[in-house]
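> Predicted structure and sequence below. I'll ask about it afterward.
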Amino acid sequence: MAGHIWKLGAVAVMAMSAAVAVAQNAHAVSLGVDYTYVRSNVLPGCSCFSLNGGGVQMQVALTPHVAVIGDMTLAHKGGITADHYSLTQLTYTGGLRVRPSSPGALLRPFGEVLLGGASTFGTLSPSRSGVGGGSNAFAFEPGGGLELRLNSRVSLVPVEADYLLTTFSNTENNRQNDLRFSAGFVIRLSR
């Protein structure tokens, strides 16, 4: 667990340093927070269950239509089985977000492709020796959503839907095909 906290701290410091450097070059920097729902199939077959949590994002606009985005999301579910197994999943991804040209539009769609990693913790966490403990895997997350501009600094993201592929060890194919839905707010820190 201490190793994961160190990684999260390092990512946060790098992200803040990048935001300060980019903001000085007049690129728009935004921070977002959201509620996240994940429909997961960490177990082989579809022993599907739902996780709930939240996330934070940092976005740096490269052009009016393209932004670099970093996303960190934590979701949890307890009492999954009769034995009260639990699972906590952390994803940390980054990539590009693209918006169509729509100057002045209040409602703007976006699409994104993110790559990175995922970590799980808890009694249902898949591992090479079965379940329990913690493990790390590759994460791939394409998706999209809508952003509603409330004013010049604040936007509402009423819906974002993503396909979340992770590669945790299991007894079948070492792939999890999850669906992730989010809703939240974005605050522009600079223009």
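Yep, it's here. Numbers count the residues shown, from 1 in each chain.
> My guess is residue 143 contacts residue 162. True?
Yes: using CB atoms under 8 Å, residue 143 is in contact with residue 162, at 3.0 Å. The C-beta positions use only the backbone N, C-alpha and C, and glycine is treated the same way.
> Mind listing the shared neighbours of those two?
Among the neighbours of residue 143, those also in contact with residue 162 (CB atoms under 8 Å, 6 or more residues apart in numbering) are 112, 180.
> what about the helices in the chain?
2-24 (DSSP state H).
> where does it have low pLDDT?
Applying pLDDT under 70 to the chain flags the ranges 1-26, 42-47, 103, 124-133, 191.
> got the residue ranges for the strands in it?
29-40, 49-61, 66-77, 87-98, 107-121, 126-127, 130-131, 134-149, 154-166, 176-188 (DSSP state E).
> I'd like to check the angle between the fourth one and strand 176-188, please.
Here strand 87-98 runs at 60 degrees with respect to strand 176-188, directions being taken by axes from the mean of the first three to the mean of the last three CA atoms, to 10 degrees.
> Relative to the whole chain's centre, how far out is strand 87-98?
3 Å (CA atoms, centre = their mean, to the nearest Å).
> ditto for the last one
Offset of strand 176-188 from its chain centre (CA atoms, centre = their mean): 6 Å.
> May I have the residues that are in contact with residue 41?
47, 48, 176, 177, 178 are the contacts of residue 41 under CB under 8 Å, 6+ apart.
> closest to residue 119 among those residues?
When the contacts of residue 41 are compared for distance to residue 119 (CB to CB), residue 176 wins out at 13.1 Å.
> Skip the chain neighbours and tell me the closest residue to that closest one.
residue 166 (4.6 Å; CB to CB, 6 or more residues apart in numbering).
> Likewise for residue 38?
Per CB to CB, 6+ apart, closest to residue 38 is residue 51, 4.3 Å.
> Report whether the expected contact of the one you found with residue 40 is present.
Yes: counting by CB under 8 Å, residue 51 touches residue 40, with 5.7 Å between them.
> circling back to that earlier point, only the buried subset of the contacts of residue 41, as a ChimeraX command please.
Buried residues among these (16 or more other CB atoms under 10 Å), as a ChimeraX selection:
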select :176,178
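> Need the contacts of residue 41 in JSON lines (columns: distance to residue 170).
Rendered in JSON lines, the data for these read as follows (distance: CB to CB, whole Å):
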{"residue": "47", "distance to residue 170": "10"}
{"residue": "48", "distance to residue 170": "14"}
{"residue": "176", "distance to residue 170": "8"}
{"residue": "177", "distance to residue 170": "12"}
{"residue": "178", "distance to residue 170": "13"}
